[in-house]
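Chemist: Model the following, please.
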Amino acid sequence: MESKENLEKKWVKVYPIYIDKGVKISEGRKVSLENSTEEPTSKAIYQVVTEFFGLKAKIEEVYY
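Modeler: Numbering: from 1, shown residues only. From the prediction side, this is the model:
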């Protein structure tokens with residue numbers, strides 16, 4: 001059985017910039033404007049993934 005850490009490495013990562021309507025494709029947006037949203041937050045993405053899609057998710061805290 002794989003460890004929790006190894007399984008989480010396989011998870012799909014969704015960063016807010018990927019779906020931000022205010023970001024150009026050349027700047028990192030990965031979806032069409034039609035499928036994007038204004039100023040998404042990691043908390044909002046988490047809620048959609050867990051509550052709407054019923055998937056496991058976590059928010060990773062990253063400090064620069």
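Chemist: List the contacts of residue 38.
Modeler: If you count contacts by C-beta atoms under 8 Å, 6 or more residues apart in numbering, residue 38 has them with 20-22. Bear in mind the C-beta positions are built from the backbone N, C-alpha and C, glycine included.
Chemist: measure it to residue 4 for me?
Modeler: For residue 38, the distance to residue 4 (C-beta to C-beta, to the nearest Å) stands at 34 Å.
Chemist: hang on, the earlier thing: drop anything exposed from the contacts of residue 38.
Modeler: For these, a burial check counting by 16 or more other C-beta atoms under 10 Å picks out residue 20.
Chemist: Quick check: of the contacts of residue 38, which lies closest to residue 44?
Modeler: In terms of C-beta to C-beta, no member of those lies closer to residue 44 than residue 20, at 11.3 Å.
Chemist: phi, psi of the closest one?
Modeler: As for residue 20, its main-chain torsions (degrees, to the nearest 10) stand at phi -80, psi 120.
Chemist: which strand residues sit across from it in the sheet?
Modeler: Here residue 20 sits in beta bridges with residue 37, as judged by DSSP bridges.
Chemist: Identify the residues contacting it.
Modeler: By C-beta under 8 Å, 6+ apart, residue 20 lies in contact with 29, 36-40.
Chemist: can you rerun that using 7 Å?
Modeler: By C-beta atoms under 7 Å, 6 or more residues apart in numbering, the contact list for residue 20 reads 29, 36, 39-40.
Chemist: can you redo those residues as a markdown table with neighbour count, pLDDT and secondary structure?
Modeler: What follows is the contacts of residue 20, written out as a markdown table (neighbours: other C-beta atoms under 10 Å; pLDDT from 0 to 100; DSSP: H, G, I helix; E, B strand; the rest coil):
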| residue | neighbour count | pLDDT | secondary structure |
| --- | --- | --- | --- |
| 29 | 18 | 98 | coil |
| 36 | 16 | 97 | coil |
| 39 | 10 | 96 | coil |
| 40 | 19 | 97 | coil |
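Chemist: Quick check: the two most widely separated of those?
Modeler: By the measure C-beta to C-beta, 29 and 39 form the most distant pair in the contacts of residue 20, at 12.5 Å.
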